[in-house]
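K.L.:
Okay, sequence plus prediction incoming.
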Amino acid sequence: MSRLMRKVSVCAAAIMLVAGLVEAQQAPGPTAAISDLYQPFAAPPGERTRADIAWPAGAVALPSPIPGIGRPATTLEIAGWDIAVRGDGHNLPPGSGTAKEGEELYVTHCAACHGDFGEGLERWPALMGGRGSLRSDQPRRTIGSFWQHAPAVFDYIRRAMPYAAPQSLSNDEYYAITAYVLFLNELIGEEDKVDAASLTKLAMPNRDGFVLEARPDTENTACMNNCRQGRAVTVTMDSRRFVEPGSASGTDKPE
Amino acid sequence: MKLGKDPASSSRRGLLRAAGAASLATAGGIAQAAGNAENQPPNLPEWSRSLGPGVIEETYGTRSRHETAVRRYVPWLTPDRVSSVSFTPLADMHGIITPSGLHFERHHGGVPDVDPADYRLMIHGMVERPLIFTLEDLKRLPSVSRIHFIECPANGGMEWRGAQMSGVQFTHGMLSCSEWTGVPLKILLAQTGLRAGASWLLAEASDAAHLARSIPLAKVLDDAIIAFGQNGEAVRPQQGYPVRLVLPGYEGNMWVKWLRRIEIGDRPWFTRWETRTYTDLMPDGLARQFTFVNEVNSVITAPCPEKPLRGRPGFVEISGLAWSGAGRITRVDVSVDGGDNWRTATLQDPVLPKALTRFRIPWEWAEGQTAYLQSRAMDETGRVQPTITALRQARGVESIYHKNSIHTWLVDRDGTVVNVQIDA
């Protein structure tokens, strides 16, 4: 099996980097206020604007509520579950940390999969590197090269990590680990304090790398006869190069 | 009374078996499972000569022990099986409903074991009344049942650069279709009320990944369902027991499983699953975001690499599945010559919006004949399934998601069916 083919994976093009490889820092992108851009959802101007979905919602006529079903959620209950931090930093909790404080936590809780330098071990995702690679034929989507908003880094680490024990650390510890992975990406200094205010202000290199676009973006006509106009069929890729036809691509046995 | 086996008749059947084999050989080369001639005409099969188990031998039934179709996964795709994907064996599916036990799986933190007694759904944010619902609360509210497909947007994503998977289970098997039963989310939002300016919501799972996606409120008010039923029973654990979100036509990742929380807001959250993943990277380095809809798509499931034509010349019913996240399938054309000439297939009723649609068309295959089988679906919005060439021209090969191109099976001279890509 070609490594080139395999790298397009389901949820992550998990590319291994050489340990210790640190790429030159790029200049941060433009820093338009995120809240201006997306409140309410205002599609960026120009051709690259999604047109095939009606959003945001217009005036809505809801049915009448049915009495007695559902009970009020208390402030305490909501506080316990309301973990979502928005890209613009909304709902970041109190607390802070630095990369220096985060290093040991990272080594303890993260390095077994992501590597000491965030390079990603085996098929686990790399957290650093890849800047300048997005236009190449080997794009590497890491926090430094691809992630849009720094607060989302905190959000994801807190809601889902450590992998086997999510939401098990304190907010200060999550800030410190967030600081460490940002430091690995050379986005902050080792002693810079990371908290709600600084994360909200931090401009990620790929902040403006996302667009809304209309689909379909391809055209096909429903030609019925002589559509190839005499052109013989050429096979551009035959899967027998990689596997036997049948079920050889996968297995029902745990590996 | 248990009926014994008669050794004399056994040997008689042995002779008949030899005769049967001889007649098979003259039957125009039609392949047939060898089986046990003693159980075949004119003999009385074993199962006809004794009593079988009675009722409630299995209080929850399973399929015949002779059936072997299973979900499979691809070890090299993901680092482990906890955050991974398994594929539906589409070649073995009949009709449009996927058996719940063969529904593809995609988990980001494994399958949580949710106790329904402790299940709670919280709805808060830009609402007038933040509320908590139990599972019983949800079941008391007005409900609907609808048949919809769900497809991981990465379905087919391994083949942007070329054909490399061994069969339809892996080229298209992140696709299933069920009857989903639950409360329209609109009904729940009527319970909480909406504050002025509400335009997005966040749906959040209770698994270890706490997967969360932002969804336009307009979509939710249109056709979203908070589902507790799947194919007539409770939603399976792998599919979000006890409650999952159903977002007809939208990419599977957004159908949040083990749903615990809905937050209403006025803009998207930009979670990890709508930036780092599930965005479509274009050749110019920009990534398309919020590419929700799985567009018109189809694939032939018979014949296919798992169901070759070897030893079965003559009549072939080509059959497959078509689907569109934008609405109903209106037409499926099938080609056996790599897209030079097309014939329109018959669509099996019911043809439902945002549901799998079964198509069928007869064909004759002769041994020694090479064929390139393709299907091309159209939906009620006028979308026509594109070629892989057209998709690559528009999007390059690194966008992972939403590959809906016309698929090609090569039928080789000996009847082997091979996953290939051709120059169209």
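P.N.:
Received it, and whenever you're ready, just let me know what you need.

K.L.:
Excluding covalently adjacent residues, which one is nearest to the spatially most central residue of chain B?
P.N.:
By CA atoms, centre = their mean, the mean C-alpha position of chain B lies nearest to residue B:176, the distance being 2.1 Å. Spatially, and ignoring its direct neighbours in sequence, residue B:176 is nearest to residue B:98 (3.8 Å; CB to CB, 6 or more residues apart in numbering or on different chains). C-betas here are computed from N, CA, C, even on glycine.

K.L.:
Kindly tell me how buried that neighbour is, as a neighbour count.
P.N.:
22 (other CB atoms under 10 Å in any protein chain shown).

K.L.:
tell me the contacts of it?
P.N.:
Going by CB atoms under 8 Å, 6 or more residues apart in numbering or on different chains, residue B:98 touches B:88, B:176-178.

K.L.:
roughly how far out does whichever strand or helix holds the residue nearest to the centre of chain B sit from the chain middle?
P.N.:
Residue B:176 is part of strand B:175-184 when elements are defined by DSSP states H and E. Chain-centre distance of strand B:175-184: 12 Å, with CA atoms, centre = their mean, to the nearest Å.

K.L.:
Next: stretch B:197-216.
P.N.:
On CA atoms, centre = their mean, the centre of stretch B:197-216 falls 23 Å from that of its chain.

K.L.:
That stretch vs chain A: in contact?
P.N.:
Yes - using CB under 8 Å from any CB of the partner chain, stretch B:197-216 reaches chain A at B:197-200, B:202, B:204, B:208-210, B:212, B:216.

K.L.:
quick one: average pLDDT of that stretch?
P.N.:
Stretch B:197-216 shows a mean pLDDT of 95.

K.L.:
For the closest residue to residue B:202 other than its chain neighbours, give me the pLDDT.
P.N.:
Excluding the flanking residues, the one nearest residue B:202 by CB to CB, 6+ apart is residue B:263, at 4.4 Å. In this model, residue B:263 is scored at 98, pLDDT.

K.L.:
Can you report phi and psi for residue B:263?
P.N.:
phi -120, psi 130 (degrees, to the nearest 10).

K.L.:
how many neighbours does residue B:40 have?
P.N.:
14.

K.L.:
Please disregard the earlier target; I meant residue A:169.
P.N.:
A count of neighbours around residue A:169, defined by other CB under 10 Å, yields 18.

K.L.:
swap in residue B:76?
P.N.:
The burial count for residue B:76: 17, using other CB under 10 Å.

K.L.:
can you check the one 5 residues further on too?
P.N.:
As a burial measure, residue B:81 scores 15 neighbours (other CB under 10 Å).

K.L.:
ok, it - contacts?
P.N.:
Residue B:81 neighbours (CB under 8 Å, 6+ apart): A:254-255, B:73.

K.L.:
Go through the residues you listed and single out the one with the most neighbours.
P.N.:
Among these, residue B:73 has the most neighbours (other CB under 10 Å), with 23 neighbours.

K.L.:
Just list the residues touching it, thanks.
P.N.:
Applying CB under 8 Å, 6+ apart, we find residue B:73 in contact with A:250-252, B:81, B:84-87.

K.L.:
Residue B:386 too?
P.N.:
Neighbours of residue B:386 in contact, by CB under 8 Å, 6+ apart: A:216, A:218-220, B:404-406.

K.L.:
My guess is the residue nearest to the centre of chain B contacts residue B:149. True?
P.N.:
Yes - counting by CB atoms under 8 Å, residue B:176 touches residue B:149, with 6.9 Å between them.

K.L.:
Show me what the helix or strand encompassing residue A:158 packs onto, helices and strands only.
P.N.:
In this structure, residue A:158 sits in helix A:150-160 according to DSSP H and E. Contacts defined by 3 or more CB pairs under 8 Å, 6 or more residues apart in numbering or on different chains; DSSP states H and E place helix A:150-160 against helix A:171-184, helix A:196-201.

K.L.:
Looks like residue B:380 contacts residue B:325 (just checking).
P.N.:
No - using CB under 8 Å, residue B:380 is not in contact with residue B:325, being 11.9 Å away.

K.L.:
still on that earlier bit, turn the helices and strands packed on helix A:150-160 into CSV, columns for distance to residue B:249, mean pLDDT and mean neighbour count.
P.N.:
CSV is the format used below for the helices and strands packed on helix A:150-160 (distance: least, CB to CB, whole Å; pLDDT from 0 to 100; neighbours: other CB atoms under 10 Å in any protein chain shown):
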stretch, distance to residue B:249, mean pLDDT, mean neighbour count
helix A:171-184, 35, 98, 25
helix A:196-201, 35, 97, 17
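
K.L.:
measure the residue nearest to residue B:176 to residue B:402 for me?
P.N.:
Per CB to CB, to the nearest Å, residue B:98 is found 21 Å from residue B:402.

K.L.:
Report the contact partners of residue B:273.
P.N.:
Going by CB under 8 Å, 6+ apart, residue B:273 touches B:211-213, B:253.

K.L.:
Are we agreed that it is in a strand?
P.N.:
No - under DSSP: H, G, I helix; E, B strand; the rest coil, residue B:273 falls outside any strand and is assigned helix.
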